[in-house]
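>>> Fold the stuff below for me.
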Amino acid sequence: VTPDTLSGEQFRLVVTSNSHDVTNADGLTESGLPYFEVDDLSSTIRIYFAMQRARFSYSAALYEYIEPGQPDPSVDGPVSFSNASVHDPSVIKLDNGEFYVFGSHLAAAKSSDLVNWELVAGDGVENTPFFDTYEEEAAEGIAWSGGTVGSWAADVIQLADGNYYFYYNHCASPDTGLCDASRSYLGVAVSENIEGPYSDLGLILRSGHVGEENPGIDGEIYNGNIHPNAIDPDVFFDKEGRLWMVYGSYSGGIFVMEMDPATGFPLPEQGYGTKIMGGNYGAIEGPYMLYSPESDYYYLFTSFGGYEQNDGYNMRISRSRSPDGPFVDAEGQDMIGARGGWSSLEPYGVKIMGGHLFDVHSGEPGSDHGYMAPGHNSAYYDPQTGKHFVIFHTRFPDRGEGHEIRVHEMFINADGWLVASPHRYVPINGENIVDESDVLGTFRVINHGKDINRVAKVSSYMQLKENGEITGDFTGSYWLDDTNTITLNVE
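Numbers count the residues shown, from 1 in each chain. Predicted coordinates:
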C-alpha cells in the first residue's frame, strides 16, 4: 500500500489484540475489535488505553475496508494458517469434505479448509501408521531395489468398491542405495480406511532391468533414455469414468496407461503405456492430471529442474483434449519434444510458478515473502464452486531445505489456460468481482519467464492508472472487460 493507492479506498487500523481497553476508537469491527479510520498513511494515529496495573501489550494491523452492500469479497477477520510438511503432496477429498495429502517418506496431512493442515504422519517408513509393517508389505519391491527400504511420492484414490488404493513406489540402486539410476518399483495396496492399515496387492511396474533381468514389460531391453522410471504415480478418472495412471521421473519421460477400475491394476498388453513427454534423462517429474469441465481440457502438471532449494524446481502445465495426449503448451509445442538437458527443456510448457521473491522496500507495509523450488504438486477441481486449486510443497528463500504445503487458487484465462494466484488460498465471503476502482494502484509483479531458475525472480513495480495506462517498471496499457477479466498489454 502506498499513499497513491488511497484514492477512492478506505482503510482501517484495527487493534487485533490488547491488554488494556482502548478508549478512543472510532468504532468496533463485526468481530468486536476497536478500529481507527485512516485517511492518510503518513498521518499519526494516537491510541489511548485505560489505565491498569498490568503488563502492557498490543498489536494492530491495517486493513482495507469495504462499505456493506458493495460486491467486493471479504474474509472472516485476521487470517491465520496451520502449516505441515509433506513432500510431493498428492490430494484426495473424502465424502465428508476432508482433504488428505500423501507424499514421500509416507508423510501425510489433512485439512478441512485447505488453510489449516494437521500432520497425520511424519517422514519415516519404519513407524508409518499406514502399514502394519511397510517392509513386509512392500517386500517384493524392496528386494528389486537391493534391500533399500524407502518410499517416494505416494498417491491414494478411492474406487467404486469404496476401498482406498495406495500406490507406493521407490527408486534405489542395489549398488548404492541411492536413486542414481532408474531402478524402481511401483505397487498398490488397499484398505477400507483412508488412514489404513493397507495390505499389499502386488507390484504394477518395475524399471531399471539389467542383464538377464531383461526384457522389460514391453518386451525390449531396458534403456533408461527411452523407458520410464517407475515412480511418481497419479491415478485419476477421466470425464467418461475411465481410470488412468500417469507416472515417470527423468529417464525416458512421462507415461500414461489405462487402468482397470475394478482392480486398480493396468489393463493388459500396454507395456509401459503411452509416452507423452520427456526422455534422455531430462529433469521432468511429478506428473499430475486435472480435468476441468469448465474448459473441457486435461491439464498435465509436471515439475522441471531439481527439487532442492537452489536447484530450480518449477511447476509447468500442458493440456490436451484426451487423457493420453498429445499434450501441448501455449505455443502449440508438443511436449513429446521436451527431452535432454535444461536448455533443451526450458522452452517447453507453461511455467506457472518457480522460485520468486516479492521484495518489500523500506517504508512499505509487510515483509519480503516468496518461494524457492515450489513443485511436485497435485490439483483439485471443486464441482460445487467451480474453483481450481494447486497443492504443492515449497522451500523458502534463505531457509534451507525445510518445506511446507501450500495451496493457491487457480483461474482459467481467456485462452483456456490455468493461471495461479500469487497469494495463498483463503476462503472469502461474496463474489470475487474486480471493478474499475479495484485495479487502480501499484502492484508487485513477478515475471517467471521460461528458465529453470536457481535464483529467485524478484518483483518489479507496475502501476495501473485510471486512464488505462501502465507505468512504473513497465509501460503499456490495460483494459477491464465485463467478464471479470483484465488484459495487460505490456510493451
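>>> the helices in the chain, which residues?
Here the chain has its helices, by DSSP state H, at 134-137, 139-144, 342-345.
>>> Could you export those as TSV, including mean neighbour count, distance to I412 and mean pLDDT?
For glycine as for every other residue, the C-beta is placed from the backbone atoms N, C-alpha and C. Formatted as TSV, the helices of the chain follow (neighbours: other CB atoms under 10 Å; distance: least, CB to CB, whole Å; pLDDT from 0 to 100):
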stretch	mean neighbour count	distance to I412	mean pLDDT
helix 134-137	17	40	96
helix 139-144	18	39	97
helix 342-345	15	25	97
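>>> what's the closest of the ones you listed to A50?
Nearest to A50 among those is helix 134-137 (59.5 Å), distances taken as CB to CB.
>>> What is the closest one packed up against?
Helices and strands touching helix 134-137, by 3 or more CB pairs under 8 Å, 6 or more residues apart in numbering; DSSP states H and E: there are none.
>>> chain center to it: distance?
Here helix 134-137 is found 30 Å from its chain centre; the criterion is CA atoms, centre = their mean, to the nearest Å.
>>> Outside of that helix itself, list whatever touches it.
106, 125-126, 128, 131, 142, 149, 151, 189, 198-200 (CB atoms under 8 Å, 6 or more residues apart in numbering).
>>> What's the PyMOL syntax to select whichever of those are buried?
What follows is the PyMOL syntax selecting those of the contacts of helix 134-137 that are buried according to 16 or more other CB atoms under 10 Å:
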select buried, resi 106+125+128+131+142+149+151+189+198+200
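>>> Would you confirm that Q309 contacts R395?
Yes - at 4.4 Å, Q309 counts as touching R395 under the criterion of CB atoms under 8 Å.
>>> Now do the shared contacts for the two.
372-373, 401.
>>> Can you get me a residue count around the closest residue to G273 other than its chain neighbours?
Nearest non-adjacent residue to G273, counting by CB to CB, 6 or more residues apart in numbering: M257, 2.9 Å away. Using other CB atoms under 10 Å, M257 is surrounded by 20 other residues.
>>> Correct me if wrong: M257 contacts I276.
No - taking CB under 8 Å as the definition, M257 is not a contact partner of I276, at 10.6 Å.
>>> Need the per-residue pLDDT for the closest residue to H388 other than its chain neighbours.
The shortest distance from H388 to any residue other than its chain neighbours is 4.1 Å, reached at M410 (CB to CB, 6+ apart). At M410, the model reports a pLDDT of 98.
>>> M410: what's it in contact with?
352, 379, 388-390, 418-421.
>>> From D368, how far off is it?
In this view, M410 and D368 are 24 Å apart by CB to CB, to the nearest Å.
>>> circling back: is the residue nearest to G273 bridged to anything, and to what?
M245 (DSSP bridges).
>>> Am I right that F255 is in contact with G279?
No - look at F255 against G279 with CB under 8 Å: they stay out of range, at 10.5 Å.
>>> Pull up the overlap in contacts between those two.
By CB under 8 Å, 6+ apart, no residue touches both F255 and G279.
>>> which residues sit in contact with M462?
442-445, 470-474 are the contacts of M462 under CB under 8 Å, 6+ apart.
>>> now do R424
By CB under 8 Å, 6+ apart, the neighbours of R424 are 81, 115, 406-408.
>>> and what of Y461?
442-445, 472-473.
>>> Tell me how far it lies from G472.
Distance, Y461 to G472, by CB to CB: 4 Å.
>>> which neighbours do the two share?
The overlap between the contact sets of Y461 and G472 (CB under 8 Å, 6+ apart) consists of T442.
>>> counting contacts, what elements does the longest strand along the chain pack onto?
The longest strand of the chain (DSSP state E) is strand 369-382. Contact here means 3+ CB pairs under 8 Å, 6+ apart; on that basis strand 369-382 packs against strand 90-93, strand 284-292, strand 297-304, strand 314-320, strand 356-358, strand 387-395, strand 404-412.
>>> any weak-confidence spans in this protein?
1-9, 30-31, 65-71 (pLDDT under 70).
>>> again, only using 80
1-10, 29-32, 51-54, 63-74, 76-77, 362-366, 435, 482-484 (pLDDT under 80).
>>> Considering the contacts of M410, which possesses the most neighbours?
Across these, neighbour numbers were computed from other CB under 10 Å; V390 holds the maximum, 27 neighbours.
>>> wait, that residue sits on A420?
Yes - under the criterion of CB under 8 Å, V390 makes contact with A420 at 5.7 Å.
>>> what touches both of the two?
352-353, 408, 410.
>>> Now distance to E98 too, for the residues you listed, in a markdown table please.
Formatted as a markdown table, these follow (distance: CB to CB, whole Å):
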| residue | distance to E98 |
| --- | --- |
| I352 | 26 |
| M353 | 26 |
| H408 | 20 |
| M410 | 21 |
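>>> Mind picking the two most distant members of those?
M353 and M410 (10.3 Å).
>>> Can you get me the start-to-end distance on stretch 262-270?
Start-to-end span of stretch 262-270 (CA to CA, to the nearest Å) is 17 Å.
>>> One more: stretch 431-443?
22 Å.
>>> quick one, what contacts the closest residue to D368 other than its chain neighbours?
Take D368 and drop its neighbours on the chain: the residue closest to it by CB to CB, 6+ apart is V360, 5.3 Å away. By CB under 8 Å, 6+ apart, the contact set of V360 is 366-369.
>>> Now render these as CSV, adding neighbour count.
Below are these laid out as CSV (neighbours: other CB atoms under 10 Å):
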residue, neighbour count
G366, 10
S367, 7
D368, 14
H369, 14
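>>> would you turn those into a markdown table with distance to E137?
As requested, the contacts of V360 are arranged in a markdown table below (distance: CB to CB, whole Å):
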| residue | distance to E137 |
| --- | --- |
| G366 | 48 |
| S367 | 46 |
| D368 | 45 |
| H369 | 41 |
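>>> Show me which of these is closest to G271.
H369 (45.9 Å).
>>> ok, the closest residue to G278 other than its chain neighbours to G282 distance?
Using CB to CB, 6+ apart and skipping the chain neighbours, the partner closest in space to G278 is G253 (2.7 Å). According to CB to CB, G253 stands 7 Å off from G282.
>>> Name the residue in those two with the higher neighbour count.
Each of G253 and G282 has its neighbours counted (other CB under 10 Å); G253 has more, 29 against 23.
>>> All set now, cheers.
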